[in-house]
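Engineer: Here's my sequence, what's the structure:
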Amino acid sequence: MANFIHPTAIIDESVILGDNNNIGPWCLLGKDVILGNDNELISNVLIHKHTRIGNSNKFFHGASVGTDPQDLKYSGEVTYLKIGDKNTFREFVTLNRSATTDEDTTIGNGCLLMAYVHIAHNCHLGNSVILANAVNLAGHIHIDDFVTVGGMSAIHQFVKLGKYSFIGGKSGIKKDVPPFTRGEGFPYQIRGLNSVGLQRKGFSEEQIRGIKQIYRILYRKELNTSQAMQEIDNMGELTTEQQEFVDFIKNAERGLTR
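Structural biologist: Coordinates of the predicted model:
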């Protein structure tokens, strides 16, 4: 189907459009933008430049997408923002391109970014991520699949959030957050497992018990991380979820939230 483009929209001649896009009033698509199929830009949406957008995404009023990174080291290089499919970007979301040519800012599929969320340069969001209102991400943050972050939370640069973790609102995070956990606070503290979230996502009781076994060693036995890892190594063969938990701990470059 043909695209609908409102008469007040401004589209650079270099833009590549797929089919059945709805581009509303006062939207601006700048240089080197590629827009797939079935996307909707409601009104006053800016797609600045060097941005790749997949299919069936929805951008609400005032979203500012593909803008230059807020990094003083950036000096005008061509860098990219790449967005997957079926994402929702609510009012006044801001998404920056990467600050370096060797890495893109990326957003996966099926994410919901609520109003006033900010995604800084070189961030990577997986699939089905939910960021509530006014969540702020500094640069180089990695968020795995199925993570939920409560409103008005701030996350330090280079932090990683493990899959299925649940971050309570108004949290300040400076260290990596293991998968399957829940927590809150400033400074951020782990409060337990995201058991309800795991159940809702179809995890079996056996899978959750396996995750709890690793969690209890790490957080309930008053061991330091090295001691906990030694005890886990003595467990023998691990389940898939247990191995994911352990691998995350081993690769926690900013240190592990306790």
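
Engineer: could you list every residue that touches residue 158?
Structural biologist: By Cβ atoms under 8 Å, 6 or more residues apart in numbering, the contact set of residue 158 is 139-141, 253-254. C-betas here are computed from N, CA, C, even on glycine.

Engineer: Please produce JSON lines containing these, extended by neighbour count and secondary structure.
Structural biologist: What follows is these, written out as JSON lines (neighbours: other Cβ atoms under 10 Å; DSSP: H, G, I helix; E, B strand; the rest coil):
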{"residue": "139", "neighbour count": "20", "secondary structure": "coil"}
{"residue": "140", "neighbour count": "20", "secondary structure": "coil"}
{"residue": "141", "neighbour count": "21", "secondary structure": "coil"}
{"residue": "253", "neighbour count": "9", "secondary structure": "coil"}
{"residue": "254", "neighbour count": "14", "secondary structure": "coil"}
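
Engineer: Let's check: the centremost residue of this protein is which one?
Structural biologist: residue 125 (2.9 Å; Cα atoms, centre = their mean).

Engineer: Can you tell me how far it is from residue 60?
Structural biologist: Separation of residue 125 from residue 60 (Cβ to Cβ, to the nearest Å): 18 Å.

Engineer: got the buried residues for stretch 187-198?
Structural biologist: Buried residues in stretch 187-198, counted by 16 or more other Cβ atoms under 10 Å: 188, 190, 193-194, 197-198.

Engineer: go on, stretch 197-208?
Structural biologist: For stretch 197-208, using 16+ other Cβ under 10 Å, the buried residues are 197-198, 203, 207-208.

Engineer: Need the max-distance pair from these.
Structural biologist: 197 and 207 (12.8 Å; Cβ to Cβ).

Engineer: that older thread, can you list which of the buried residues of stretch 187-198 are found in strands?
Structural biologist: 190, 193 (DSSP state E).

Engineer: Redo the buried residues of stretch 187-198 as JSON lines? Include distance to residue 165.
Structural biologist: Shown next, in JSON lines, are those (distance: Cβ to Cβ, whole Å):
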{"residue": "188", "distance to residue 165": "11"}
{"residue": "190", "distance to residue 165": "9"}
{"residue": "193", "distance to residue 165": "10"}
{"residue": "194", "distance to residue 165": "6"}
{"residue": "197", "distance to residue 165": "9"}
{"residue": "198", "distance to residue 165": "11"}
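
Engineer: what angle separates the helix ranked longest in the chain from strand 189-193?
Structural biologist: Ordering each helix of the chain by length in residues (DSSP state H) puts helix 205-219 first. Put simply, helix 205-219 runs at 150 degrees to strand 189-193, going by axes from the mean of the first three to the mean of the last three Cα atoms, to 10 degrees.

Engineer: what's helix 205-219 packed up against?
Structural biologist: Applying 3 or more Cβ pairs under 8 Å, 6 or more residues apart in numbering; DSSP states H and E, one finds that helix 205-219 makes contact with strand 189-193, helix 195-200, helix 225-233, helix 240-250.

Engineer: Could you rerun that using 6 Å?
Structural biologist: The elements that helix 205-219 packs onto, with contact taken as 3 or more Cβ pairs under 6 Å, 6 or more residues apart in numbering; DSSP states H and E, are helix 225-233, helix 240-250.

Engineer: Give me the buried stretch members for that helix, please.
Structural biologist: 207-208, 210-215, 217-219.
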